[in-house]
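K.L.:
okay, predicted coordinates and the sequence, questions at the end:
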Amino acid sequence: MKAFRFVAWQKPAELHEMPVPEPGPEQVLIKVGGAGVCHSDLHILEVPAGTTSMRLPFTLGHENAGWVEKLGTGVSGFAPGDPVIVYGPWGCGLCMNCRLGMENYCQNPGEIKPGGLGADGGMANYMIVPSTRFLIRLGALDPREAAPITDAALTGYHAIKRSLHLLGPGSTAVVIGAGGIGQMAIQILRALSSATIVIAVDTSVDKLEIAKRMGADEGLLSDDAAVKRIKDMTRGQGAQLVLDLVGVNPTLTMAAQVSRVLGHLTIVGLGGGALPVNFLSPAKECSVAAPYWGSIPELMEVVDLAQAGKIKMVVEHFPLERASDAYHLLHDGKIQGRAVITPND
Ligand code: NAD
Ligand code: ZN
Ligand code: ZN
């Protein structure tokens, strides 16, 4: 089979010929339908050696969906041909957080090895999933369309769900960065909360247009005028929830300026900026958090939302041979929603 592999730090990933893996005990072999191209891969492909604990080489693709191909010994509950989505952050399965389904916060250091972020991922014809606890049934959803749900939607969902108690009638949510996660976040805000105003902020006019189609009331270019406009729209108070899906210094500064007393400033983007936090800023009792991905039960909820037609990603498909182009286009801001690699098309 072919696999798009991350082989050396600060080098572009490469297409390689690999044997189709054989599922061991407890494991499941998945025929990949779609593998989403997440911006996190761009960050990881650019960092110097030693920045993360990941070992190279591995196959990229941590937003995966497909069909069960073959079950390892001892596996039951699934049958070949079942359409499934793959939960990404594979933890130890034994610690308290893992047993609660929060494998994204596995308590055993170094145990989280997501397929596509340390272990072999879905940008290949087939991938191994270590346990059925990472498989959620897709029902009628097409794996080629659904793949980004497992990260772009789940990450936004988890980041929003923890703030839902703040998002009652009359409240405001600001989403900075209306790309893959941002577009999902806007739809999730609309589906879950009664927030009166949802504001999208981006550097791209095209993304702001899409954000409005997805349910944003206002789309603002990312500059000082946006800060003033958000303040005006919230009667000087700022927003209950500010989601920073970029995480560079200018967006963090903006997030601090537009979040309100007792609000939530939530940093999801890995842009590498830093947010000064002291007595004066952000606003009094505004909580700052940096969530990572989401839990297995939350992924089940997100799949339910997608099955109900309440969230939908704008997906652009690329064959495995064009995976490199997809990353370049994402880097240049030319992917409208999510690029999805379809290795078996
Ligand atoms: P994306 O490339 O699809 O979208 C990013 C968007 O941000 C684009 O629309 C871009 O135009 C916009 N943008 C860039 N600079 C901006 C600025 N200064 N102000 C406003 N908007 C700006 O990326 P994505 O896949 O949605 O990922 C977003 C971020 O979230 C990335 O940093 C990624 O690594 C991170 N991420 C974090 C988690 C987590 O668990 N915390 C999970 C997945 C992705
Ligand atoms: Zn990701
Ligand atoms: Zn664990």
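P.N.:
Received the coordinates, thanks. Ligands and ions are numbered 1, 2, ... in the order given.
K.L.:
which non-adjacent residue is nearest Ala200?
P.N.:
Spatial nearest neighbour of Ala200, excluding adjacent residues (C-beta to C-beta, 6 or more residues apart in numbering): Ala211 at 3.5 Å. (Each C-beta comes from the backbone N, C-alpha and C, glycine too.)
K.L.:
list of residues touching the helix or strand where that neighbour lies?
P.N.:
Ala211 belongs to helix 205-213 when assigned by DSSP states H and E. Contacts with helix 205-213, where a contact means C-beta atoms under 8 Å, 6 or more residues apart in numbering, come from 175, 178-179, 182-183, 186, 200, 202, 216, 218-221, 314, 336-337.
K.L.:
so what's Val314 closest to, chain neighbours aside?
P.N.:
Per C-beta to C-beta, 6+ apart, closest to Val314 is Gly337, 2.9 Å.
K.L.:
pick out the residue of the protein closest to ligand 2.
P.N.:
Nearest to ligand 2 in the chain, going by C-beta to the ion, is Cys38, at a distance of 3.1 Å.
K.L.:
give me the neighbour count for Lys2.
P.N.:
17 (other C-beta atoms under 10 Å).
K.L.:
before we move on, what about the one 10 residues further on?
P.N.:
As a burial measure, Pro12 scores 11 neighbours (other C-beta under 10 Å).
K.L.:
touching, it and Asp41? I think so.
P.N.:
No - between Pro12 and Asp41 there is no contact under C-beta atoms under 8 Å: 11.1 Å.
K.L.:
shared neighbours of these two, anything?
P.N.:
Common neighbours of Pro12 and Asp41 (C-beta under 8 Å, 6+ apart) are Tyr327.
K.L.:
do a quick rundown of the strands in the stretch 1-150 of the chain.
P.N.:
2-6, 14-17, 28-36, 58-59, 63-71, 83-86, 126-129, 135-137 (DSSP state E, counting those that start in this stretch).
K.L.:
typo on my end, the stretch 201-345 of the chain
P.N.:
Using DSSP E, counting those that start in this stretch, strands in the stretch 201-345 of the chain cover 218-221, 239-244, 259-267, 287-289, 315-318, 338-341.
K.L.:
how many residues are close by the residue in the chain that ligand 1 sits nearest to?
P.N.:
Per C-beta to the nearest ligand atom, Gly179 is where the chain lies closest to ligand 1, at 1.7 Å. As a burial measure, Gly179 scores 24 neighbours (other C-beta under 10 Å).
K.L.:
quick one, phi psi at it?
P.N.:
For Gly179, the backbone dihedrals (degrees, to the nearest 10) come out as phi -90, psi -140.
K.L.:
wait, it sits on Val268?
P.N.:
No - here Gly179 does not reach Val268: they are 11.1 Å apart, not a contact under C-beta under 8 Å.
K.L.:
overlap in contacts, those two.
P.N.:
Joint contacts of Gly179 and Val268 (C-beta under 8 Å, 6+ apart) are Leu245.
K.L.:
for Ile188, give me its contacts.
P.N.:
Taking C-beta under 8 Å, 6+ apart, one finds Ala153, Gly156, Tyr157, Ile160, Leu305, Ile311 in contact with Ile188.
K.L.:
so which of these wins on neighbours?
P.N.:
Using other C-beta under 10 Å as the neighbour test, these are led by Ala153, with 32 neighbours.
K.L.:
for that residue, which non-adjacent residue is closest in space?
P.N.:
Nearest-residue entry for Ala153: Met184, 4.4 Å, with adjacent residues in sequence omitted and distances by C-beta to C-beta, 6+ apart.
K.L.:
surely the one you found forms part of a helix?
P.N.:
Yes - assessed by DSSP: H, G, I helix; E, B strand; the rest coil, Met184 belongs to a helix.
K.L.:
before we move on, back to that, list the ones among the contacts of Ile188 that fall in helices.
P.N.:
Ala153, Gly156, Tyr157, Ile160, Leu305 (DSSP state H).
K.L.:
adding mean pLDDT, write the strands of the stretch 201-345 of the chain out as JSON lines.
P.N.:
Formatted as JSON lines, the strands of the stretch 201-345 of the chain follow (pLDDT from 0 to 100):
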{"stretch": "strand 218-221", "mean pLDDT": "98"}
{"stretch": "strand 239-244", "mean pLDDT": "98"}
{"stretch": "strand 259-267", "mean pLDDT": "98"}
{"stretch": "strand 287-289", "mean pLDDT": "98"}
{"stretch": "strand 315-318", "mean pLDDT": "98"}
{"stretch": "strand 338-341", "mean pLDDT": "98"}
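K.L.:
JSON lines for those strands, including distance to Ser53 and mean neighbour count?
P.N.:
What follows is the strands of the stretch 201-345 of the chain, written out as JSON lines (distance: least, C-beta to C-beta, whole Å; neighbours: other C-beta atoms under 10 Å):
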{"stretch": "strand 218-221", "distance to Ser53": "38", "mean neighbour count": "19"}
{"stretch": "strand 239-244", "distance to Ser53": "25", "mean neighbour count": "28"}
{"stretch": "strand 259-267", "distance to Ser53": "21", "mean neighbour count": "22"}
{"stretch": "strand 287-289", "distance to Ser53": "23", "mean neighbour count": "15"}
{"stretch": "strand 315-318", "distance to Ser53": "29", "mean neighbour count": "19"}
{"stretch": "strand 338-341", "distance to Ser53": "25", "mean neighbour count": "28"}
